[in-house]
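J.: have a look at this fold, sequence not included:
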């Protein structure tokens, strides 16, 4: 009985960890794209000066 409960808890923890990794990966891509937009805008301003 104890082993079944431990296996279930470990599986739930693994699933939560994988979901968290995907969330952070998506957030990292969003932040990276935001930085690229800022860089492009800065280049445009520099060229106009």
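T.: Yep, it's here. Nothing here was measured: the structure is a model prediction, and the numbers come from that model. Residues are numbered from 1 along each chain as shown.
J.: quick one: the helix or strand containing residue 34 to chain centroid distance?
T.: Per DSSP states H and E: residue 34 is located in helix 2-48. Distance of helix 2-48 from its chain centroid, counting by Cα atoms, centre = their mean, to the nearest Å, is 0 Å.
J.: if you average the pLDDT over that helix, what comes out?
T.: Per-residue pLDDT values over helix 2-48 give a mean of 83.
J.: counting contacts, what elements does it pack onto?
T.: Of the remaining helices and strands, none touches helix 2-48 by 3 or more Cβ pairs under 8 Å, 6 or more residues apart in numbering; DSSP states H and E. Placement of C-beta: from N, CA and C, glycine included.
J.: quick one: the most centrally placed residue in the chain from residue 6, how far?
T.: Centre of the chain computed as the mean C-alpha position; nearest residue by Cα atoms, centre = their mean is residue 24, 1.9 Å away. Applying Cβ to Cβ, to the nearest Å, the value for residue 24 to residue 6 is 27 Å.
J.: likewise residue 43?
T.: Residue 43 is 55 Å from residue 6, by Cβ to Cβ.
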